[in-house]
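Sharing a model prediction with you, sequence too.
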Amino acid sequence: MKLEECKKCKSHVQFQYGEVLCNYWGVLDSRTTTEKSGEKVLVGCPRETEQQ
């Protein structure tokens, strides 16, 4: 998931130091980001994983 999409998610808490703080499972979780095609992308987004 692109970082900009992640920031719109109700579970997004904060983006800091290359990591996203996420509350998707009801607990604060840290997710790493990487750069893909010039955009920041979230690695292992729980929302995308659950939809598969």
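On my side now, so go ahead.

Glu48: what secondary structure?
Three-state assignment for Glu48 (DSSP: H, G, I helix; E, B strand; the rest coil): helix.

Give me the nearest residue to it, chain neighbours excluded.
Met1 (5.5 Å; C-beta to C-beta, 6 or more residues apart in numbering). Backbone N, C-alpha and C define where each C-beta goes, glycine included.

Who are the contact partners of the one you found?
Listed by C-beta atoms under 8 Å, 6 or more residues apart in numbering, the contact set of Met1 reads 41-42, 45, 47-48.

likewise Gln14?
The contact partners of Gln14, taken as C-beta under 8 Å, 6+ apart, are 20-21.

is it in a bridge, and if so with what?
With DSSP bridges as the criterion, Gln14 is bridged to Leu21.

pLDDT score assigned to it?
The model reports Gln14 with a pLDDT of 97.

can you check Thr33 too?
pLDDT, Thr33: 96.

State the number of residues packed around it.
19 (other C-beta atoms under 10 Å).

and the gap between the residue nearest to Glu48 and Cys9?
Distance of Met1 to Cys9, given as C-beta to C-beta, to the nearest Å: 8 Å.
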